[in-house]
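Undergrad: test case, fold it:
(one chain, ligands or ions: 1)
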Amino acid sequence: MAEIHAAAFLRDRSWNAAEIADLLTSPFVTALHDAGGFALTRLVAGETELLTIAVDPAHQNQGIGRRLLHKWLTCGADTAFLEVAADNAPAIALYESLGFHQTSRRPRYYARKDGAFIDALILSKDLTRGKSVDSGP
Ligand SMILES: CC(C)(COP(=O)(O)OP(=O)(O)OC[C@H]1O[C@@H](n2cnc3c(N)ncnc32)[C@H](O)[C@@H]1OP(=O)(O)O)[C@@H](O)C(=O)NCCC(=O)NCCS
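TA: Predicted coordinates for the structure are as follows:
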């Protein structure tokens, strides 16, 4: 996962194997895998967060990211949210196509390797629509 992360996030500091292993010690964190890609997600009290998603550049634009996100969105949460760099057009297009919308913006949130600071957009999606409300017999 660390290798894929480093290959996918060329402009940012990537997450090393120890950091990823540490996250995975949490009972709230799940790793989702697909050929050449993975996502780390956290589910707490009905709210799920996409901690990261990365697809190896050699496998990008083949539907892997979308499949990973579909898996994530069926985890049973009521709300999903994520942070994305404001200049990450491919990722934003993918999230918007899945029904995410911007709920806030954090100015100068990401520090790039080249010294630039980029705003973070917080996107969220209500997952309760379509959930059956089964109050039992
Ligand atoms: C964002 C990322 C995970 C998407 O994974 P992917 O497997 O390439 O995505 P998919 O093939 O499932 O593409 C789904 C959509 O993403 C968008 N997309 C993917 N690559 C794109 C590109 N080069 N330019 C514009 N849009 C693009 C399109 O909206 C595409 O929709 P389509 O299926 O209708 O064509 C991947 O590009 C990646 O790892 N990027 C680097 C790391 C990163 O930015 N992670 C997200 C941080 S929040």
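Undergrad: end to end, how far does stretch 74-82 reach?
TA: 15 Å (CA to CA, to the nearest Å).
Undergrad: buried residues in it, which are they?
TA: For stretch 74-82, the neighbour count (16 or more other CB atoms under 10 Å) marks 77, 80-82 as buried. Placement of C-beta: from N, CA and C, glycine included.
Undergrad: those residues in strands, which ones?
TA: 80-82 (DSSP state E).
Undergrad: of the residues you listed, just say which sits nearest to the ligand.
TA: Of all those, the ligand sits closest to Leu82, with 6.1 Å by CB to the nearest ligand atom.
Undergrad: quickly list what that closest one is bridged to.
TA: Applying DSSP bridges to Leu82 yields these beta-bridge partners: Leu50, Leu123.
Undergrad: most widely separated two among the buried residues of stretch 74-82?
TA: Pairwise distances across those (CB to CB) peak at 12.3 Å, for the pair Ala77 and Leu82.
Undergrad: so which bits of the chain are right by the ligand?
TA: Residues of the chain lying near the ligand by CB under 6 Å from any ligand atom: 8-9, 37, 53-55, 60-66, 84, 88-91, 93-94, 97.
Undergrad: quick one, which of these are buried?
TA: Buried among the residues of the chain next to the ligand by 16+ other CB under 10 Å: 8, 37, 53-55, 60, 64-65, 84, 88, 91, 94.
Undergrad: nearest to the ligand, of these?
TA: Closest to the ligand, out of all of those and judged by CB to the nearest ligand atom, is Gly65, at 2.2 Å.
Undergrad: for the closest residue to that closest one other than its chain neighbours, give me its contacts.
TA: Distance criterion CB to CB, 6 or more residues apart in numbering; nearest residue to Gly65, sequence neighbours excluded, is Val55 at 5.1 Å. With contact set as CB atoms under 8 Å, 6 or more residues apart in numbering, Val55 has these partners: 4, 8, 36-37, 64-65, 68.
Undergrad: and if you look at Asn16?
TA: Ala2.
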